[in-house]
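Asks: Pasting the sequence and the predicted model now:
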Amino acid sequence: MLFDMDGVLWRDQTPIGDLGKIFQNLQLHNIKFAFATNNSTKSPSEYQDKLNKFGISVKEEQIITSATTLVELLKEKYPDGGPVHILGENGLREALQQNGFHHSDRNVLAVVGGLDRRINYEKLKIATLLLQQEVDFYYTNADTTFPTPEGIIPGAGSILRALEVGSGRNAILAGKPKPKMFEIAMKIINASAESTLVIGDRLDTDILGGLEAKCFTALVLTGISTSEDLKNFAYQPHFVFENLSTLVNNLFHNNWDI
Ligand SMILES: [Mg+2]
């Protein structure tokens, strides 16, 4: 089972259901699992702390973010690392630094970006100027919005749009709905697509990405997408559940058979 986190496990700091009990049940029945999020601001170890806090014991390797996925893509082209221009927060910076990439404003291999909540005109300017040279362009994800307790705020994709419009370039994307994140997750837990269920709250990222990765998919109605949205969406998940507890109870009574 591959889980999205925001809107599936929690809303900000509030857990959705008895997460400790849900995951103990999965562990008891030897269901392998990993977590996949488009949020690039936090590192896997920061997510590990949050999961632990909610009673889910998990190894850092089981947590895949759009930032760690971006670094995997970048390493395929630049296995030795090198200078890159980074627009983003701790999660992205840490993942790059751990893999031999360092931040620079000159002579870079690529401009790499994600959600940067300290974005300003100067940062957009430097990145846009670099993008006019022969450098690669990678972005964590294209989600234009980001749900918070305050409401819907600009996501990584809003910054990406500014760079794309300003430079006339299109970025290579790492996060969902690209299947790469799920492919990495399956490799890590040693699972095949036909025996993997992707669980998410967003049709346009989690469900579409899960389908792209050839997995089974389940939408939970505790986050962004509603049952109304399902009617207007070209792709359909294999399952729809009110919440994660209902999903796990159903699977349990079905002998974990999807
Ligand atoms: Mg979500």
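Replies: In hand now; what should we look at? Residues are numbered from 1 along each chain as shown.
Asks: Name the residues that touch the helix or strand hosting V71?
Replies: In this structure, V71 is located in helix 66-77 according to DSSP states H and E. By C-beta atoms under 8 Å, 6 or more residues apart in numbering, the surrounding residues in contact with helix 66-77 are 37-40, 43-44, 81, 84, 88, 91-92, 94-96, 98-99, 101, 110, 112, 114, 136, 138-141, 156, 172, 174-176, 180-181, 184. Placement of C-beta: from N, CA and C, glycine included.
Asks: change it to 6 Å
Replies: The set of residues that contact helix 66-77 without belonging to it, under C-beta atoms under 6 Å, 6 or more residues apart in numbering, is 38, 40, 91-92, 95-96, 99, 114, 138, 140-141, 174-175, 180-181.
Asks: what comes into contact with the lowest-mean-pLDDT helix or strand in the chain?
Replies: The least trusted helix or strand in the chain, going by mean pLDDT, DSSP states H and E, turns out to be strand 145-148, with a mean of 80. Identification of contacts with strand 145-148 by C-beta under 6 Å, 6+ apart yields I152, I153, G155.
Asks: does any bit of it sit next to the ion?
Replies: No - Strand 145-148 is not in contact with the ion by C-beta under 5 Å from the ion; minimum separation 8.1 Å.
Asks: List the buried residues for that strand?
Replies: Counting neighbours by 16 or more other C-beta atoms under 10 Å, one finds that the buried residues in strand 145-148 are F146, P147.
Asks: so can I have CSV of the contacts of strand 145-148 showing distance to the ion and secondary structure?
Replies: As requested, the contacts of strand 145-148 are arranged in CSV below (distance: C-beta to the ion, whole Å; DSSP: H, G, I helix; E, B strand; the rest coil):
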residue, distance to the ion, secondary structure
I152, 13, strand
I153, 15, strand
G155, 12, coil
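Asks: Now a PyMOL select for only the buried ones of these.
Replies: Once 16+ other C-beta under 10 Å is used to decide burial, the buried members of the contacts of strand 145-148 can be selected in PyMOL as follows:
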select buried, resi 155
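Asks: sorry, back to before: which member of the contacts of helix 66-77 is positioned nearest the ion?
Replies: Using C-beta to the ion, the shortest approach to the ion within the contacts of helix 66-77 belongs to N38, at 7.7 Å.
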